[in-house]
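Novice: Build the 3D model from these lines:
(one chain, ligands or ions: 2)
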Amino acid sequence: MIVIGHRGAAQRAPENTLAGLHYAGRFGIKQVECDISVAADDVAVVFHDESLARLTGRPGTVLSQTSAQLAQYVVNGPEADGPTTIPNATAYFNLAADYDLFVHLEIKVHDREVERAVLAAVRAVEASRLDPRQIRISSFSWDAVMLAKRRFLGCSFAIAAHRFDELRPMLTGEHGLASVHLCIDGATQAEVDQVHALDLPVYYYTVNTASALQGLDQTTVDGVFSDDPLGLVGELAQ
Ligand code: G3P
Ligand code: MG
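Specialist: Residues are numbered from 1 along each chain as shown. Ligands and ions are numbered 1, 2, ... in the order given. I've put the predicted structure just below:
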């Protein structure tokens with residue numbers, strides 16, 4: 001089972017920050033997930049929410065601020081070594097490349113402007129040193145993933161959803177996806193088996209403790225996104 005640092009390692013460093021990458025690099029984590037949002041100046045930044053409130057305590061949305069403004073905003077979270085302001089996506093990918101990380105790049109479409117979100121992410125990747133073979137593009141937006149498949153070169157692709165049932169109608173034809181990312185809350189072995197019946201790996205988010213996998217045969221879960229990847233690996237090894 002692949003253990004992927006969720007939003008870097010959100011329980012160990014402020015989520016989606018360079019500090020999270022330093023944590024991953026220092027502790028030998030091989031894969032991280034990050035969320036890509038678009039700033040007012042059409043620059044991709046690494047940020048999960050549409051609203052700035054939870055993570056920065058500021059009013060407004062990520063879309064309402066330029067990337068230069070966002071770069072000033074400290075992200076709430078655990079104490080960390082390294083920068084904890086909202087990162088420019090290219091800078092984030094360059095640091096991920098320095099640590100030789102595999103990056104799950106999840107495109108957030110906050111304002112339904114799929115093209116704007118995808119093209120900002122493409123520009124950020126192309127401007128970076130990150131090898132496309134080290135990138136899997138995903139989104140909860142089917143349209144974003146389909147557009148990404150046409151615009152990103154050399155990456156692999158995945159679709160995210162709460163439950164597999166939501167995806168089933170889309171996965172009947174040729175889709176070219178490398179994995180399906182589903183919510184661990186409410187997951188069943190039948191769901192795992194249904195994804196496997198389509199010859200697709202299934203990764204679950206967000207799995208912070210081994211007990212979250214209760215009811216599933218762990219050997220059949222292909223990957224998990226974890227806010228505490230090291231802690232989970234240690235627990236699973238017991
Ligand atoms: O990409 C997997 C997972 O991150 C999806 O949920 O809300 O944490 O972005 P969320
Ligand atoms: Mg995400």
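Novice: So residue 90: helix, strand or coil?
Specialist: helix (DSSP: H, G, I helix; E, B strand; the rest coil).
Novice: how near is it to residue 124?
Specialist: 5 Å (C-beta to C-beta, to the nearest Å). To be clear about C-beta, it is placed using only N, CA and C from the backbone, and glycine gets the same treatment.
Novice: what touches both of these two?
Specialist: Residues touching both residue 90 and residue 124 (C-beta atoms under 8 Å, 6 or more residues apart in numbering): residue 44.
Novice: So residue 158, which state does it fall into?
Specialist: Recorded secondary structure, residue 158: strand (three-state DSSP).
Novice: how about the nearest residue to it, chain neighbours excluded?
Specialist: Nearest non-adjacent residue to residue 158, counting by C-beta to C-beta, 6 or more residues apart in numbering: residue 138, 4.0 Å away.
Novice: got the contact list for the one you found?
Specialist: Listed by C-beta under 8 Å, 6+ apart, the contact set of residue 138 reads 104, 105, 106, 107, 145, 157, 158, 159, 160, 179, 181.
Novice: Could you dump the residues you listed into JSON lines and include distance to residue 56, pLDDT and neighbour count?
Specialist: Compiled in JSON lines, the contacts of residue 138 are given as follows (distance: C-beta to C-beta, whole Å; pLDDT from 0 to 100; neighbours: other C-beta atoms under 10 Å):
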{"residue": "104", "distance to residue 56": "23", "pLDDT": "99", "neighbour count": "26"}
{"residue": "105", "distance to residue 56": "22", "pLDDT": "98", "neighbour count": "28"}
{"residue": "106", "distance to residue 56": "20", "pLDDT": "98", "neighbour count": "24"}
{"residue": "107", "distance to residue 56": "21", "pLDDT": "98", "neighbour count": "25"}
{"residue": "145", "distance to residue 56": "28", "pLDDT": "98", "neighbour count": "23"}
{"residue": "157", "distance to residue 56": "30", "pLDDT": "98", "neighbour count": "19"}
{"residue": "158", "distance to residue 56": "28", "pLDDT": "98", "neighbour count": "21"}
{"residue": "159", "distance to residue 56": "29", "pLDDT": "98", "neighbour count": "24"}
{"residue": "160", "distance to residue 56": "24", "pLDDT": "98", "neighbour count": "23"}
{"residue": "179", "distance to residue 56": "31", "pLDDT": "98", "neighbour count": "21"}
{"residue": "181", "distance to residue 56": "26", "pLDDT": "98", "neighbour count": "25"}
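Novice: what would those look like in JSON lines with distance to residue 198?
Specialist: Shown next, in JSON lines, are those (distance: C-beta to C-beta, whole Å):
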{"residue": "104", "distance to residue 198": "20"}
{"residue": "105", "distance to residue 198": "23"}
{"residue": "106", "distance to residue 198": "21"}
{"residue": "107", "distance to residue 198": "22"}
{"residue": "145", "distance to residue 198": "16"}
{"residue": "157", "distance to residue 198": "15"}
{"residue": "158", "distance to residue 198": "13"}
{"residue": "159", "distance to residue 198": "11"}
{"residue": "160", "distance to residue 198": "16"}
{"residue": "179", "distance to residue 198": "11"}
{"residue": "181", "distance to residue 198": "14"}
